[in-house]
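J.: just a sequence and a predicted model for now, questions to come.
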There are 2 protein chains.
Amino acid sequence: MAETRSDLTPFLAKLDASRTASLALAGATTDRKNEALLAIAETLRSHVSEITKANQADLDAGAASGIGEALLDRLTLTDARIEALAAAVLQIIGLADPVGENVRGSTLPNGVRISQVRVPFGVVGAIYEARPNVTVDIAALALKSGNAVVLRGGSAAENTNKVLVGLIQEAVASTGLPAESVQTIDDFGREGARALMRARGYIDVLIPRGSAQLIQTVVTESTVPVIETGAGVVHIVLDESAPVQWAVDIVHNAKTQRPSVCNAVETLLVHAGAAERVLPAVLSKLSESGVTIHADERAAALFAPTVPACEEDWATEYLGLDIAVRVVDSLDEAIRHIRRYSTRHTEAIVTSDLVNAERFLNEVDSATVMVNASTRFSDGGEFGFGAEVGISTQKLHARGPMGLPELTSTKWIVRGIGQVRV
Amino acid sequence: MAETRSDLTPFLAKLDASRTASLALAGATTDRKNEALLAIAETLRSHVSEITKANQADLDAGAASGIGEALLDRLTLTDARIEALAAAVLQIIGLADPVGENVRGSTLPNGVRISQVRVPFGVVGAIYEARPNVTVDIAALALKSGNAVVLRGGSAAENTNKVLVGLIQEAVASTGLPAESVQTIDDFGREGARALMRARGYIDVLIPRGSAQLIQTVVTESTVPVIETGAGVVHIVLDESAPVQWAVDIVHNAKTQRPSVCNAVETLLVHAGAAERVLPAVLSKLSESGVTIHADERAAALFAPTVPACEEDWATEYLGLDIAVRVVDSLDEAIRHIRRYSTRHTEAIVTSDLVNAERFLNEVDSATVMVNASTRFSDGGEFGFGAEVGISTQKLHARGPMGLPELTSTKWIVRGIGQVRV
């Protein structure tokens, strides 16, 4: 670490314990890890009242400090939500264990055999906000992929997370794996979060989950390698040849099926040659579902009611029932707009023109690019990965929806019988 | 970028030109990229005197400022070395183009087709020291993998690099690809290097090549994702059952075949039960080749001449004809030593015990782990990748010897016929 300060000693001792635990986890069989996951699910189910009691304390504190209804909702753990968390842990038992997978290999001309195999990262750090479900999710995913995990949850969920981590540690230890496989550093406060970002050599990879601001802070401050997940200013382009029904269905689904998530559409770009034919039906269907339409002048001329779109709208991730709409004169202009404002998460085109479809797929540089499908499909569960590890918006290591293999590294195993290099 | 300063405007304009060039490169066919590589090789061959003249200016300045013989040697481009550089570029023409490779894919239950394909990173940054050969190497590797590249070479090679980059740009432009595919920011000095490390959004990935100190600076200062290549404090363990001949041959080859590189062995750990039987022959062969032996007390008791090993030796990458030797009481002690001092690059064990071999492969957490083979095999060329992109010592994205595919990212391509999410 760059700065070593005396008051970091207990903090670093905790990270050392994570490293030691990671060695046991790396060698644990899939059966053993699944036993631990089963124990976690069972302990969640048998401690519902203890969890909800701690959660109530957080909710009371949150209400008193006026954190707002949306945050309070994310913070809340009901009996049903705890059952859903336990069910999610059980589902992870069913996923293939990525550790030990032989990625590639060969025999060299001199007879030396090389193979690249998947291994856990070691110690994964997670920094997130007041969502206690992330505590259980990340712990279970890390465990299955053979990683120890160090959690830093939001202070608003401190009581809930403390109980959850305590239960998880007991469950893990009951199956013979180290309790320190899952640890929280919430007791070190903001100073702990900062130290975690500088804990190069202690933490192998850091995953921030939460607001764009949180992710930006972690990306900028961290000397530990980061997997950036996140914000989606998602675009749909309605090409000149867009079939009306596809346009209506896809845009409506992408905006309203679950507006609060990162793969929901935020900006609609419509080719001028299709605007009159397609836009009224598309916007009318959105409007019926309560979507506020932030339109540029040319779009506003074709549909009412709208509110005027300003420069800021093009860069906004609404995460709600709002959409920005702009009429463009060409596919080139649409692609230029995307290059300028996109967060490179997911973009789609609705078209029946093959050449334009291929151009869009090739020229738009986003984690997921789509033709004639809802952007809501850009998701690990939908892609068949079974678990929602997050959606990476960076280009290094993992890009787009991540599954368990993205929580692993690899190592090269080389076997010889005395060969030396000539 | 976190800091935008007015005097950065020309710097950022240069990076913008790299981004624009990267769009053309991403869409370039393999044939077109190979044409550019051929043109680069030809221009190097036809401008030998221009290159050596610029190089002589750097060598004179280096000699005057007393940079030392080893650095002067690395800085030197002779006619033969320029021919070798041209030949290396021609070899890259023969490598498979990673761009467009279909990594995996499937058809979802609703008929939506998804596929993950390799795409270039976009703009790659490289920060390195006074080795003008890196300028040509990295430019050629970046070009083949469809990336634009921004180079920051050491100031000691400034004249040489300026001529090389000029020639490369002319060659690239002569085939219709943008000259800005390859750019240098050497004219912005140290300030430029610093700005490059903070150019998040402009540079997709940064690759430092050079001393441990350079790499450490880049890793700590950079907000751009980094692929860390580098230092190798490489260990060989001679197990209790180590066959003498294998031990002698492998250690000698790993130390002396090319001592100045990162996969050369630096520390030898010998099981106490094998020390008397194996160590004299191993050290005698090293000594004959002029290797200085830094021995702990128990090793020194079995062989002379040695110099005493101190704590510092265990953490030293000698990169020369020196080796540290320690006698350990068990395989556990050897593994603990490696955990403490290794840079996690490459480690090997010499053994005829199957259980100990498997334990070593599983428990040593390094990019390459070996049984009964020289550590000098931990190399992209030896692994059959055809090109030497570097050896990653980090766990994210790439680990161990890298080939062209490690210079790419992926994107998900999704094709539907109007499907929406239920």
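T.: Received it, and whenever you're ready, just let me know what you need.
J.: skipping its backbone neighbours, what lies nearest the residue in the stretch 201-350 of chain A that chain B sits nearest to in space?
T.: The nearest approach of the stretch 201-350 of chain A to chain B comes at A:N253, 3.5 Å away (Cβ to the nearest Cβ). Backbone N, C-alpha and C define where each C-beta goes, glycine included. Once flanking residues are discounted, A:N253 sits nearest to B:V420: 3.5 Å by Cβ to Cβ, 6 or more residues apart in numbering or on different chains.
J.: I figured that neighbour hits A:K255, correct?
T.: No: contact criterion Cβ atoms under 8 Å: B:V420 and A:K255 do not qualify, at 10.9 Å.
J.: give me the more crowded residue out of those two.
T.: Comparing B:V420 with A:K255 by other Cβ atoms under 10 Å in any protein chain shown, the one with more neighbours is A:K255, at 28 against 19.
J.: can you tell me what sits against the helix or strand where A:L286 lies?
T.: Secondary structure assigned from DSSP states H and E places A:L286 in helix A:272-288. Here helix A:272-288 makes contact (Cβ atoms under 8 Å, 6 or more residues apart in numbering or on different chains) with A:238-242, A:244, A:247-248, A:251-252, A:255-256, A:268, A:270, A:293, A:295, A:298-299, A:302-303, A:305-306, A:323, A:325, A:327-329.
J.: and it, how far out from the chain middle?
T.: 32 Å (Cα atoms, centre = their mean, to the nearest Å).
J.: where do the helices sit along the stretch 301-422 of chain A?
T.: Under the criterion DSSP state H, counting those that start in this stretch, the stretch 301-422 of chain A contains helices at A:311-314, A:331-341, A:354-363.
J.: from the chain's centre, how far out is the first one? Work that out for me.
T.: Right, helix A:311-314. Offset of helix A:311-314 from its chain centre (Cα atoms, centre = their mean): 25 Å.
J.: again, but for stretch A:194-207
T.: Averaging C-alpha positions (Cα atoms, centre = their mean) puts stretch A:194-207 18 Å from its chain's average.
J.: what's in contact with the helix or strand harbouring the residue of the stretch 201-350 of chain A closest to chain B?
T.: Taking DSSP H and E as the definition, A:N253 sits inside helix A:244-256. Applying Cβ under 8 Å, 6+ apart, the external contacts of helix A:244-256 come out as A:234, A:236, A:238, A:263-265, A:268, A:277-278, A:281-282, A:285-286, A:289, A:291, A:321, A:323, A:348, A:350, A:372-376, B:417-418, B:420-421.
J.: in PyMOL, select just the buried ones from the residues you listed.
T.: Of the contacts of helix A:244-256, the buried ones can be selected in PyMOL as follows, counting by 16 or more other Cβ atoms under 10 Å in any protein chain shown:
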select buried, (chain A and resi 234+236+238+263+264+265+268+277+278+282+285+286+291+323+348+350+372+373+374+375+376) or (chain B and resi 418+420+421)
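J.: could you list which of the contacts of helix A:244-256 belong to strands?
T.: Cross-referencing the contacts of helix A:244-256 against strands under DSSP state E gives A:234, A:236, A:238, A:265, A:268, A:323, A:348, A:350, A:372-373, B:417-418.
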